[in-house]
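# Sequence first, predicted coordinates after that:
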Amino acid sequence: MRDLVCGRIECDEVWSFCYAKAKNVPKDTRQVFGAGDVYTWVALDPDSKLVVTWRVGQRSSEDAERFMRDLASRLVGRIQLTTDGYSPYVMAVRLAFGGNVDFAQLVKQYAHPAWDESRYSPPDIVSPRSSRLWRARHARYLHLARRAAEPDSPDDLASLHSPD
C-alpha cells in the first residue's frame, strides 16, 4: 500500500526466535541465516488498526533504518510517530522522515512481578514517561496514545498529553 494518509503511527518490535533462542543455537549453526532471535517490526495506525508496514529482521540500527524508510515511503503528509525507547529509532526516524514528522518516544517503567507472576503475567506499569524529540511548530498537543501494538495492564493510562 502506498500514498496512505495517516494522522498517527505507533511502531514497535516483537521478539521471537527460529530454530532456538540465540543463546541456545549450536556454534555450528550460529552463522545460518534465520537461526536464533528474530524481530518483527510493526507500524500500526491506531485509529484504523491498519498495519502500514512490517519487517522481519534483527533488532539493529540497520533494520530500524530500513523499517523507517519503508514506512516513510508509504505515507503522504506529516504524521505523528510514537515508538518505544529503543535508541536507534531516533536516527532512523530523522534519516527517513527528515523534519516532516512529529516524533516522540514512550518509555514505560514496570514494577517487579510477584514471585508467582514472574513467568506468565505481564508486570504492572509503574509510570509511563514520554520524551518529545521534535514536532511541528503549529502542533498544539503531542498525543502519545496507549500503544495498541503492545497490550498493557488495565491500569495503564489511556493517553498522555503534552501541552504546547
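Right, received. Where do you want to start?
# so what's the most centrally placed residue in the chain bridging to?
In the chain, the residue lying closest to the centroid (CA atoms, centre = their mean) is Asp12, at 2.2 Å. With DSSP bridges as the criterion, Asp12 is bridged to Val42.
# Pull up the gap between it and Val76, please.
23 Å (CB to CB, to the nearest Å). From N, CA and C alone the C-beta is placed, and that goes for glycine too.
# After the helix or strand hosting Trp54, heading C-terminal, what element do we hit next?
If you go by DSSP states H and E, Trp54 is part of strand 50-57. Remark: after strand 50-57, the chain's next helix or strand is helix 61-74, criterion DSSP H and E.
# what comes up buried for that following helix?
For helix 61-74, a neighbour-count test (16 or more other CB atoms under 10 Å) marks 63-68, 70-72 as buried.
# what's the angle between the next helix or strand after that helix and strand 50-57?
Using DSSP H and E, the next helix or strand after helix 61-74 towards the C-terminus is strand 79-83. Taking axes from the mean of the first three to the mean of the last three CA atoms, to 10 degrees, one finds that strand 79-83 is oriented at 50 degrees with respect to strand 50-57.
# For strand 79-83, enumerate the helices and strands it packs against.
strand 8-18, helix 88-97, strand 101-110, strand 142-145 (3 or more CB pairs under 8 Å, 6 or more residues apart in numbering; DSSP states H and E).
# Dump these into TSV; add distance to Lys27 as well.
Output for the helices and strands packed on strand 79-83, formatted as TSV (distance: least, CB to CB, whole Å):
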stretch	distance to Lys27
strand 8-18	17
helix 88-97	28
strand 101-110	34
strand 142-145	43
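# and the ones you listed as JSON lines, adding distance to Thr53 and mean pLDDT?
Output for the helices and strands packed on strand 79-83, formatted as JSON lines (distance: least, CB to CB, whole Å; pLDDT from 0 to 100):
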{"stretch": "strand 8-18", "distance to Thr53": "9", "mean pLDDT": "95"}
{"stretch": "helix 88-97", "distance to Thr53": "11", "mean pLDDT": "96"}
{"stretch": "strand 101-110", "distance to Thr53": "15", "mean pLDDT": "88"}
{"stretch": "strand 142-145", "distance to Thr53": "18", "mean pLDDT": "50"}
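# Can you say which of the ones you listed is nearest to Asp37?
Distance to Asp37, taken as CB to CB, is lowest for strand 8-18 among these, at 5.4 Å.
# ok, how many other residues are close to Ser48?
Look at Ser48: counted by other CB atoms under 10 Å, it has 11 neighbours.
# my read: the residue nearest to the centre of the chain touches Leu81, true?
No. Checked against CB atoms under 8 Å, the pair Asp12 and Leu81 is beyond contact range at 11.6 Å.
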